[in-house]
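Participant: With the sequence up front, the predicted model follows.
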Amino acid sequence: MANPSPQDLVQIEYQPAARDWMDAAVEFRKGTFCYSALPKNLNYLGLPNAREWQPFDVDWKLPPNWKQIILDGMKDRLGKYRSFRLFMDICVRCGACADKCHFYIGSGDPKNMPVLRAELIRSVYRRYFTAAGRLLGPLAGARDLTEDVIKEWFYYFYQCTECRRCSVYCPYGIDTAEITMIGRELLNLIGCNINWVLEPAANCFRTGNHLGIQPHGFKDSVDFAVDELEELTGVRVDASINRKGAEVLLVVPSADYFGTPHYYTFLGYLALLHEIGLDYTFSAYASEGGNFGLFNSHEMIKRLNAKIYAEAKRLGVKWILGGECGHMWRVLHQYMDTMNGPADFLEEPVSPVTGTHFTHARSTKMIHICEFTADLIHEGKLRLDPSRNDRWNVTFHDSCNPARAMGLIEEPRYILRNVVRQFHEMPENTIREQTFCCGSGSGLGTDENFEMRMRGGLPRANAVRFVHDKYGVNLLTCICAIDKATLPPLLEYWVPGVEVAGIHELVGNALILRGEKQRTTDLRGEPLAAATEQEVAHA
C-alpha cells in the first residue's frame with residue numbers, strides 16, 4: 001500500500017470517537033506503529049523476554065507472569081521516583097495540554113492528547129494502588145491490566161516523542177514525557193520494545209556508536225572528512241583520535257560523520273576548531289553523543305552516558321565539548337547528576353581562546369558547541385563573511401531537548417545572525433520554549449510508521465510553510481541529529497523546496513580560514529556566493 005498523499009493526510013477528524021476511552025482495543029494499521037526489537041539486540045543488552053514477534057501478531061508471547069512483572073515494576077517506580085507518584089495523583093484533567101501535542105493535532109486521536117495518554121497508565125495505577133480504584137473500579141477511572149491494555153500502551157507510548165511541549169502548558173507542572181518514559185520502561189520489563197531504539201543502544205555498547213561503525217571505520221570517516229575539507233578550502237586540519245593528554249574531548253552524534261546533511265555540520269566543526277587552534281581529540285569508543293537510553297529506561301540512560309565520562313577519564317582531558325545533538329543534552333542537564341554523579345575528575349570548562357568560564361557546566365564539565373561558538377563570535381575571535389551563505393534564506397527550528405530541556409535558545413540565533421544575511425523566525429507560538437517537535441523523536445524515526453511521522457510533524461511543517469510562503473525561506477536549520485535525519489522527508493512531503501542544515505555548516509561556510517585558497521564552493525560543494533573585498537574586510 002502506498003503512503004497516503006498530503007491531501008489525504010490533512011483531512012483530520014477531531015470528533016471524539018463513539019467508544020469509551022476505557023476500551024483498550026487498538027488497530028495496528030500499517031504506517032502507524034514501529035516494529036519490535038530483534039532478539040539479538042535484547043540479548044546483547046541483557047534485556048528480558050527476547051523472542052520473535054511483531055505488534056500486529058495476536059499473540060505477543062508475553063511471559064507467563066507478565067501481569068505481576070508490570071505491577072511489581074510499577075510499585076518499584078512509584079517508590080523510587082517521587083515525580084511519577086505525584087504525576088499519577090495531581091492531574092485534574094483540565095485539558096490545558098490537550099491541543100498542544102503535535103500527534104493529537106496531526107491525528108485527531110483523543111488518546112494522543114497528553115492528558116488522555118497519561119490516563120492509559122494512570123487508570124491502571126488507580127485500579128491497583130488506590131483504595132478508590134480497588135473499591136469502585138471504572139467509577140473511579142480505574143481499569144484492569146489486560147493484554148489489550150499492554151498493546152494500547154505500546155501503540156500510544158510510541159506515538160509520543162517525549163518532546164515535553166505539553167508540560168509547558170500544564171498548570172500543575174506535570175511532565176507527561178516522564179510518564180511516557182515510565183510506560184516504556186514497564187513495557188521493557190516484559191520485552192515489548194522497538195528496534196529503532198534497541199539496535200542503536202546495542203550498537204553503542206558493541207562499537208561505541210549508534211550506527212555500529214567499528215573503530216577503524218570511524219577513523220576512515222574522520223580521515224575522509226579531513227581530506228574533503230582540504231579539497232574544499234585548501235586547509236589541512238588535524239583531527240586526532242584516542243590521543244591522551246588533549247585538553248578537550250569532542251563528542252558528536254555518529255550521524256555527523258556518516259549521514260547527510262549532518263556531515264556538512266561535521267566539516268564545519270573541523271574547520272572551526274582548527275582555526276582557533278583548540279587542542280582536542282575524538283574517542284573511538286565514545287564516538288556517539290546521542291543517548292537512546294532516554295527512549296528505553298533510566299538504567300539505559302545511565303549506562304550510555306557513563307561511557308563518555310569513562311573515556312574522558314581514560315584520555316586525561318580537562319573537559320568535554322559536545323556537538324549538535326538533542327537527547328545527549330537533555331540527559332546531561334536533567335539526569336546526569338542524579339544517575340552518574342558529578343564529574344569531579346574533570347575541570348570546569350574554560351575557553352582557551354576567550355578565557356570565558358562556563359560556570360553553568362561546573363558539574364557536568366561539558367558544554368554545547370553552540371555555546372562555545374557564540375562566545376567566540378561575541379568576543380570577536382572569528383573572521384566571518386555571511387555573504388557566503390547568500391543562497392540560503394534561513395529559519396531556525398528549536399530542537400525540543402536543547403531548547404526546552406537545556407534552555408539553549410538564544411545562542412544558535414546569535415550565531416545565525418552573524419553567519420547569514422537572511423534570517424526569519426517562524427511564528428512565536430511554534431518556537432523557543434513552545435517549539436513544535438519534528439514528529440519523529442524518541443526513536444520514532446522509522447520507515448514503517450511513515451504516516452504517523454508525517455502526522456506528528458504536520459504542525460512544524462505548517463510553521464515552515466508560513467515563512468517559506470511569506471519570506472521565501474529555503475533552509476531550515478537545527479541542532480539535533482534526529483531532526484536532521486527526519487526533517488528532510490517531512491519537508492519533502494509537506495513543504496517541497498526547503499532543505500535542512502546544521503548551524504555549524506553555515507559557520508563553516510562563512511568562516512575565513514587562515515591560509516585558505518579562494519573559496520569557490522560551500523561545504524556541500526555547491527557554488528559559493530562571491531564576497532566583495534569590502535564585506536570580507538568588514539567581517
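Facilitator: Yep, that arrived. Residues are numbered from 1 along each chain as shown.

Participant: check contacts around the closest residue to Pro171 other than its chain neighbours.
Facilitator: Leaving aside its sequence neighbours, Pro171 sits nearest to Ala96 (CB to CB, 6 or more residues apart in numbering; 5.9 Å). C-beta here means a position set from N, CA and C on the backbone, and glycine is covered the same way. Contacts for Ala96 (CB atoms under 8 Å, 6 or more residues apart in numbering) come out as 169-171.

Participant: In helices, which of the residues you listed fall?
Facilitator: Assigned to helices by DSSP state H, the following of the contacts of Ala96 qualify: Tyr169.

Participant: tell me which of the contacts of Ala96 is nearest to Thr260?
Facilitator: Distance to Thr260, by CB to CB, is smallest for Tyr169 among the contacts of Ala96, at 35.4 Å.

Participant: isn't the closest one right up against Cys97?
Facilitator: Yes: using CB atoms under 8 Å, Tyr169 is in contact with Cys97, at 5.5 Å.

Participant: what about these two, which has more around it?
Facilitator: Cys97 (25 against 14; other CB atoms under 10 Å).

Participant: what about the closest residue to Arg93 other than its chain neighbours, how many neighbours?
Facilitator: Computed as CB to CB, 6+ apart, the closest residue to Arg93 that is not its neighbour in sequence is Val115, at 5.6 Å. Val115 has 23 neighbours, counted by other CB under 10 Å.

Participant: ok, now Glu275?
Facilitator: Neighbour count of Glu275, defined by other CB under 10 Å: 22.

Participant: contacting residues around it?
Facilitator: Contacts of Glu275 by CB under 8 Å, 6+ apart are 382, 511, 513-514.

Participant: repeat that for 10 Å
Facilitator: Residues near Glu275 by CB atoms under 10 Å, 6 or more residues apart in numbering: 235, 237, 353, 376, 381-383, 508, 511-516.

Participant: And it, how far from Gly508?
Facilitator: According to CB to CB, to the nearest Å, Glu275 and Gly508 sit 10 Å apart.

Participant: One more: Arg77?
Facilitator: In terms of CB to CB, Arg77 sits 45 Å off from Gly508.

Participant: which of these two has more neighbours?
Facilitator: Gly508 (27 against 16).

Participant: Output the helix or strand hosting the more buried one as CSV, restricted to C-alpha atoms.
Facilitator: In the assignment (DSSP states H and E), Gly508 maps to helix 503-510. Listed next in CSV are the C-alpha coordinates belonging to helix 503-510 (Å, rounded to 0.1, in the frame of the first residue of the first chain):
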residue,chain,number,x,y,z
ILE,A,503,24.2,25.6,12.4
HIS,A,504,27.9,24.8,12.0
GLU,A,505,27.6,24.0,8.4
LEU,A,506,26.8,27.7,7.9
VAL,A,507,29.6,28.6,10.3
GLY,A,508,32.0,26.6,8.2
ASN,A,509,30.8,28.4,5.0
ALA,A,510,31.2,31.9,6.5
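
Participant: just checking, what packs against that helix?
Facilitator: If you count contacts as 3 or more CB pairs under 10 Å, 6 or more residues apart in numbering; DSSP states H and E, helix 503-510 packs onto helix 215-233, helix 262-276, helix 369-378, strand 394-396, helix 410-419, strand 475-478.

Participant: Select, out of the ones you listed, the one closest to Arg206.
Facilitator: Nearest to Arg206, of all the helices and strands packed on helix 503-510, is helix 215-233, at 11.4 Å by CB to CB.

Participant: returning to that earlier point: now mean pLDDT and distance to Val464 too, for the helices and strands packed on helix 503-510, in TSV please.
Facilitator: Formatted as TSV, the helices and strands packed on helix 503-510 follow (pLDDT from 0 to 100; distance: least, CB to CB, whole Å):
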stretch	mean pLDDT	distance to Val464
helix 215-233	97	28
helix 262-276	98	19
helix 369-378	98	21
strand 394-396	98	7
helix 410-419	98	16
strand 475-478	98	6
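
Participant: What is the least confident helix or strand in this protein?
Facilitator: helix 533-538 (a mean of 42; mean pLDDT, DSSP states H and E).

Participant: From Met22, how far off is the residue nearest to Arg93?
Facilitator: The value you get for Val115 to Met22, if CB to CB is used, is 15 Å.

Participant: now swap in Gly293 and tell me
Facilitator: 32 Å.

Participant: What of Ile194?
Facilitator: For Ile194, the distance to Met22 (CB to CB) stands at 25 Å.

Participant: In terms of packing, which of those two has more residues around it?
Facilitator: Counted by other CB under 10 Å, Ile194 and Met22 do not tie: Ile194 has more neighbours, with 25 against 14.

Participant: shouldn't the more buried one be in contact with Tyr155?
Facilitator: No: the pair Ile194 and Tyr155 fails to qualify as a contact (CB atoms under 10 Å) at a distance of 11.2 Å.

Participant: what do those two both touch?
Facilitator: 33-34, 55.

Participant: Tell me, how many residues neighbour Thr521?
Facilitator: Neighbour tally, Thr521, other CB under 10 Å: 13.

Participant: With His504 instead?
Facilitator: Neighbour count of His504, defined by other CB under 10 Å: 31.

Participant: Repeat that for Trp53.
Facilitator: As a burial measure, Trp53 scores 18 neighbours (other CB under 10 Å).

Participant: And it, how close does it get to Tyr35?
Facilitator: Counting by CB to CB, the gap from Trp53 to Tyr35 is 10 Å.

Participant: Can you tell me the element Ile105 falls in?
Facilitator: Going by DSSP H and E, Ile105 is in helix 102-107.

Participant: after that helix, next one along is what?
Facilitator: Next element after helix 102-107 (DSSP H and E): helix 114-129.

Participant: Flag every buried residue along the helix or strand following that following helix.
Facilitator: Counting by DSSP H and E, the next helix or strand C-terminal to helix 114-129 is helix 131-136. Under the neighbour-count criterion of 16 or more other CB atoms under 10 Å, helix 131-136 has Gly133 buried.

Participant: Same check on stretch 20-30?
Facilitator: 21, 24, 26.

Participant: So for the last one, what's the pLDDT?
Facilitator: To tie it back to what came earlier, the one meant is Val26. Val26 is assigned 95 on the pLDDT scale.

Participant: From what I see, it and Glu147 are in contact.
Facilitator: No: assessed by CB under 10 Å, Val26 is found out of contact with Glu147, at 11.5 Å.

Participant: Right, I'll call it a day here.
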